[in-house]
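In: compute the structure for the input listed below.
(2 chains)
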Amino acid sequence: MISFLLIILASLFFMGLVVRTKSIASGRKGPGVFQPMKDIIRLWKKGSVYSKTTSFIFQIAPTAYFTSVIMAILMIPHGNNPGLISFDGDFVFFAYVLTFGKFLMIISALDTGSSFEGMGASREALFSMLVEPAFFILMGSFALLTGHTSFHSIFSMLHYGSNISYMLGVLASIVFVLIAMIENSRMPVDDPKTHLELTMIHEVMILDNSGFDLGLIMFTTHLKFAMYGAMISNFFIGMLPLEISIPLFFVIQAGFAITVGLIESFMARFRMGHNPQFIFILTSVSLLIFFGVLLVLGKFM
Amino acid sequence: MEKSLIEIFNLVAILAFVILPFLKTKGRGILALTVITIQVIISSVLASSVFSNGIVDYNYPGSFVTGIIPIRIDYLSAWFMILISFTFLTGAWYGMQYMKQYINQGDNITLHIVAFILVFTTLIDICTVQNGLVILIIWEVMALSSFVVIIFEHSKRETLKAGINFLIQSHICILLLTLGFMWAKVKTGSFDFEAITTYTSAQPAMTGMGIFLIFFLGFAIKAGFVPFHTWLPLAHPAAPSHISGIMSGVIIKIGIYGMLRMLLLIRTDMIGIGYFLVTISVITGVYGVMLAIVQHNLKKLLAYHSIENIGIIGIGIGLGCLGLGYGNQLLVVCGFGGALLHTLNHSLFKSLLFYTAGNVYQTVHTMDLEAMGGLLKKIPHSGYLFLIGSLAICGLPPFNGFISEFFIYNGLINGLLSNQYLLILFILFTILGLVLIGGLAMICFTKAFGIVFLGTPREKKHHHTLPESALRIVPLYFIVIAILVIGLFPVLLNPMLQKIIQLYQPIVGYQTNIQIDGLLGTLTLVGWYSLVFILLMALFYMIRHLVTSRRSCEEDTTWGCGYVGEADKAQYSASSFIRTYRKLAEPVLDIHQDRTDPHGLYPVKISLVTHPYDKAEKWLIDKPLHLIKRLLNSFRFLQNGNIQAYILYGFIFVGSAILLPILIDRIVLLIQYFNQL
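Out: Numbers count the residues shown, from 1 in each chain, chains lettered A, B, ... in the order given. As a prediction, this is how the structure comes out:
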């Protein structure tokens, strides 16, 4: 329960921090930290325009996307406190629930019959497919390292013994940052601020969404970021008591947000065709982690 | 009672064939429906009585050729009987409606009905009989009658070609099975399946491995493991839709049944078999879905997906074998449990998908994805049913596909925790494979559903469309209910699965029992959480509805970057949706392109047609076939049409048949004579 509340709280200011970092990096003062959230609330109050081509799928997809992320957040533990949903192998459920939301978003983009949105849909489908192996190998390596198979027991048993295992923690955090960037279609893969539909992924998929639905989708993106931030913070919280772990949680979330802002300020977007290669790096890094774990455990014959 | 039930089951079919000639076409259809329904009831009663009262086991005396014919229905047979019966029930009811538009082809339909009943009867019989020779005969009848049901539209050249391809490959399968059963018969003198157990347990592991390999090859052709899959993508589009659904749902599953049966019988080195099965299954799964994505024929796409799912089932079976070999009981439960459950699940959602594809075909009269679009507005029920099928086949919660994949994932993760270095590496790559299969399946089904049902029609043609009649939809809703029940309450199937798994390895030890209870408990939890997921979604949708109902809501055209004309042709198409993927997967695929490029100053007509082909088929079937043809062509002079020459060949054959042994005898004598010198 505690992690759920913390993630919701973090999601309120996460994107604001990213935007603020970006403005400061480019020499501007920038909006307040809660500005993106205010934008979303304004969107929730607006009416909407629907395309004549669309069907019920277009109506339910944003809600399904939102629910899938909420469901996934319910599974994330906070150090020693399990999430509301916790069972052996819950990370499989986590990944598949998220895929459910993505599936509906992709078909809702196709529902509009637009010549642009299919482009984003196609890319989203391909890139999220390429990301998934990295996540599974990573979780598999941690299951191997701790001997447990649920988020909660993995994270609470995670203790770094040797130098190699510290390396693994750092590598895993890098992988998670990159997964978060790809899943949310942010900078090195996609630039949400570009105004050319041909080069966008996520933004082009939601061209026809408006009003409440658009707000919901944007809020879901924030939630997703905070969710991955919570995941990264779990690498470091371990068995710490709440009075230390909660501030640490927010510090890590803020650090993550600032990292995202800095990456977005100082990196150029890749050419679309180079993205798959970039995403393959993730899988190879997670394979590296896997073999590192085998090394730590001494299971090499 | 069970004995008489089996006899009645077969007699009903025979009785139907006697009555059939006296009825009109419509009456024949109704008769077929009644017969299948009665048979389904009988076989379900039989199967459920097996699950509640234990294994049925009795013998028929048989003749001096066959020996004793044992009838044994254990839990494995009963499981497959339930699955076959359900798919045939929905298939028959759906098929009845599907065939209505061919009502003027009376004779053709009669043949179809006879073959249909035969396929069902023989499939159930295969599950019950345990005598090698008898099962081969039944298998042959099954293969021939499946051939007849596939080639219903035999006036089309393509259909006939696919049918003959199926016929040939089925007979290669039968040939291999014959070899396997003959091996056992020669060594033990009995066709009884139990002879295989007694024989292989007394022999070194390699013998068992050999005999398993022969059976595996035979059953792999039926089941569609790569590289024996080439008949599937041809036969499925050619057959009428209810037959495609049944073929993908249960006829290929009889290959899985055979494999599972042989694993029960053969005593050999399970570790080797496990590694072999897992490797070939991962290849099958990934290759199947990789090819599925590039298909632009809806039914062909679904056919390649069957190959993928056979791969997933195979991964489960392989894991189970590894568990048996390494003595890891949790792995046995997860592996075999996942495989059995996925067999059932696949038969449900794949038949659902094929039946809805049939409805699509009867609406637009084509299977070409590029010509479709916007069908959700024309046939809404079929559209949403197809969506549920796609979500289930991608293994997404809250549907049944997730439950069986979760079973297998659980086995994989538990296998990771073992101490065998080789096993850990193997499992790592299996996880990679399974995750890739999942992701690629999502690309494939977002494409299939999105292009067929969403957007606007890509080709404007005025078809004579049939209304979406209730009878064509109701059987499909039954499948959806089954899908949801398994997805939300997997606990219902636990007792059955546990009984089947006990056949492979009696679960012993207090510790393991707790572990297995934990696993099944987890599955129950997953079901509940899936329910929570649905309810949560409903709740949020309600909230959204309450909020948005008070806001203004307008309708307009899709945003077109300022262009407001008709954009039907500018929509994203199936080929463009998968273009990036295609570029990425180019080395594995074999795609032939026909394109005309634009030239000159003024707009001209340009086109691009892609023909995906199967590299495995090209290198493993087409090339060797070509070489054999070339070799045999050089002997064409023998077939000169001269009757005298043929008589001469006969004489030469008979002469050499008589003379050769004598000649060889003489030569042996001669050598012996020289040796003595």
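In: what segments of chain B are strands?
Out: B:56-60, B:69-73, B:553-556, B:590-596, B:607-613 (DSSP state E).
In: against residue B:132, how distant is the spatially closest residue to residue B:192 that is not a sequence neighbour?
Out: Distance criterion CB to CB, 6 or more residues apart in numbering or on different chains; nearest residue to residue B:192, sequence neighbours excluded, is residue B:70 at 5.7 Å. For the C-beta atoms, the positions are set from N, CA and C on the backbone; glycine is no exception. Noted for residue B:70: a distance of 11 Å to residue B:132, by CB to CB, to the nearest Å.
In: what's the answer for residue B:158, then?
Out: According to CB to CB, residue B:158 stands 36 Å off from residue B:132.
In: between the two, tell me which one has more neighbours.
Out: residue B:132 (23 against 11; other CB atoms under 10 Å in any protein chain shown).
In: residues near the nearest residue to the more buried one once chain neighbours are set aside, how many?
Out: Spatial nearest neighbour of residue B:132, chain neighbours left out: residue B:181 (3.4 Å); criterion: CB to CB, 6+ apart. Number of residues near residue B:181 (other CB under 10 Å) recorded here: 23.
In: need the pLDDT of residue B:181.
Out: pLDDT for residue B:181: 92.
In: these two touch, right, residue B:567 and residue A:114?
Out: Yes - taking CB atoms under 8 Å as the definition, residue B:567 is a contact partner of residue A:114 at 7.3 Å.
In: the two: who's more crowded?
Out: residue A:114 (30 against 18).
In: before we move on, what SS does the more buried one have?
Out: coil (DSSP: H, G, I helix; E, B strand; the rest coil).
In: before we move on, back to that, in JSON lines, list the strands of chain B along with mean pLDDT.
Out: Converted to JSON lines, these look like this (pLDDT from 0 to 100):
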{"stretch": "strand B:56-60", "mean pLDDT": "90"}
{"stretch": "strand B:69-73", "mean pLDDT": "92"}
{"stretch": "strand B:553-556", "mean pLDDT": "88"}
{"stretch": "strand B:590-596", "mean pLDDT": "85"}
{"stretch": "strand B:607-613", "mean pLDDT": "84"}
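In: circling back to that earlier point, separation between the residue nearest to residue B:132 and residue B:146?
Out: Using CB to CB, residue B:181 is found at 20 Å from residue B:146.
In: am I right that the residue nearest to residue B:192 is in contact with residue B:134?
Out: No - contact criterion CB under 8 Å: residue B:70 and residue B:134 do not qualify, at 9.5 Å.
In: show me the helices in the stretch 201-301 of chain A, by range?
Out: Using DSSP state H, counting those that start in this stretch, the helices of the stretch 201-301 of chain A run over A:202-205, A:211-237, A:242-266, A:275-297.
In: likewise the stretch 151-300 of chain B?
Out: B:157-188, B:193-202, B:205-223, B:232-238, B:241-246, B:253-265, B:270-294, B:298-326.
In: nearest to residue A:58, of those?
Out: helix B:298-326 (22.5 Å; CB to CB).
In: so how far is that closest one from its chain's centroid?
Out: 10 Å (CA atoms, centre = their mean, to the nearest Å).
In: that helix and chain A in contact?
Out: No - using CB under 8 Å from any CB of the partner chain, helix B:298-326 stays clear of chain A, coming no nearer than 13.8 Å.
In: angle of that helix against strand B:607-613?
Out: Between helix B:298-326 and strand B:607-613, the angle comes out at 30 degrees (axes from the mean of the first three to the mean of the last three CA atoms, to 10 degrees).
In: for helix B:298-326, what is the average pLDDT?
Out: Helix B:298-326 carries an average pLDDT of 94.
In: for that helix, name the packing helices and strands.
Out: With contacts taken as 3 or more CB pairs under 8 Å, 6 or more residues apart in numbering or on different chains; DSSP states H and E, helix B:298-326 sits against helix B:232-238, helix B:241-246, helix B:253-265, helix B:270-294, helix B:329-364, helix B:400-416, helix B:421-453.
In: now do it and helix B:400-416, the angle between them.
Out: 30 degrees.
In: now helix B:298-326: buried residues?
Out: B:298-326 (16 or more other CB atoms under 10 Å in any protein chain shown).
In: and residue B:35, what does it touch?
Out: B:12-13, B:16, B:117 (CB atoms under 8 Å, 6 or more residues apart in numbering or on different chains).
In: with residue A:46 instead?
Out: Residue A:46 neighbours (CB under 8 Å, 6+ apart): A:210-212, A:215, B:551.
In: max pairwise distance over these: which two?
Out: That would be A:215 and B:551, which, of these, are the farthest apart (CB to CB) at 11.3 Å.
In: of these two, who's got more company?
Out: More crowded of residue A:215 and residue B:551, by other CB under 10 Å: residue A:215, with 21 against 13.
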